[in-house]
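Colleague: Here's a sequence, model it:
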Amino acid sequence: EFDPTGQYLYWAVGNNTSPSENSQDLTNIHGKILRINRDGSGATDNPFYVEGGDPNTNRIFALGLRNPFRFGVDPDTGAVLSGDVGEADWEELNLIKAGANYGWPITEGAEGGGFADPLYAYPHATGFGNGSITAVMVYDDGMPVAGQKKVWIADYSLGWIRELTFDDEYTSLISERTLD
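Modeller: Now for the predicted structure:
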């Protein structure tokens, strides 16, 4: 998906196998969010960009993801929100920031350890099966409430859609509503 200016393409790539150290390895693109120019090169202000450096490393915007299955870009602010399908414990919605490490495979969910915590997480396993966050959409109905942003997520395995309301900088969850 392109940023609001149309200059940069964001690309989500899963870690390619499980368990795997790919997500923490800056020499490959697996388990990362990439940010690339229209010609396929890495954006020169990407956090790991080095002039004349490895082309894969130059494309990396954020790392430490297991399976960023879907993501959305806020059309107003350019904020990138990505779902990350968990393995054992948590499904995550992450606010993707330049150079952030989301911790996979060392951690999942909001377990700290010096890694970027998810914006929102919910248990992977429930009495109804294992979760799989498979949709993320930043929603703009044309009549936004001042100071608020709406994000819709869906879980394929658990069979629901959830509306999340955040503050306008995606730092606080204001409310959530589940549609079955």
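
Colleague: Quick check, pLDDT for the residue most central in space within the chain.
Modeller: For the chain, the residue nearest the mean C-alpha position is Ser82 (2.2 Å; C-alpha atoms, centre = their mean). pLDDT, Ser82: 97.

Colleague: can I assume it sits in a strand?
Modeller: Yes. Checked against DSSP: H, G, I helix; E, B strand; the rest coil, Ser82 lies within a strand.

Colleague: give me the beta-bridge partners of it?
Modeller: In this structure, Ser82 has beta-bridge partners Phe71, Asn94, where bridges are defined by DSSP bridges.

Colleague: doesn't Met137 make contact with it?
Modeller: No. Between Ser82 and Met137 there is no contact, the gap being 11.8 Å when judged by C-beta atoms under 8 Å. Heads up, the C-betas are built off the backbone N, CA and C, glycines and all.

Colleague: overlap in contacts of the two?
Modeller: For the pair Ser82 and Met137, no residue contacts each of them under the criterion C-beta atoms under 8 Å, 6 or more residues apart in numbering.

Colleague: What strands line up against the helix or strand of the chain with the lowest mean pLDDT, and which way round?
Modeller: Across the helices and strands of the chain, mean confidence by mean pLDDT, DSSP states H and E is lowest for strand 125-126: a mean of 72. Within its sheet, strand 125-126 is paired with strand 129-130 (antiparallel), according to DSSP bridges.

Colleague: The strand it pairs with - what's its average pLDDT?
Modeller: Model confidence over strand 129-130 averages 74 on the pLDDT scale.

Colleague: go on, stretch 164-180?
Modeller: When pLDDT is averaged along stretch 164-180, the result is 93.

Colleague: what's the span of it, first residue to last?
Modeller: From its first residue to its last, stretch 164-180 covers 14 Å (C-alpha to C-alpha, to the nearest Å).

Colleague: what's in contact with it?
Modeller: The set of residues external to stretch 164-180 that reach it, using C-beta under 8 Å, 6+ apart, is 77, 79, 81, 93, 95, 119-120, 146-153, 159-163.

Colleague: Among these, the buried ones, what's the PyMOL command?
Modeller: Here is the PyMOL command that selects only those of the contacts of stretch 164-180 that count as buried (16 or more other C-beta atoms under 10 Å):
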select buried, resi 79+81+93+95+119+120+149+150+151+153+162
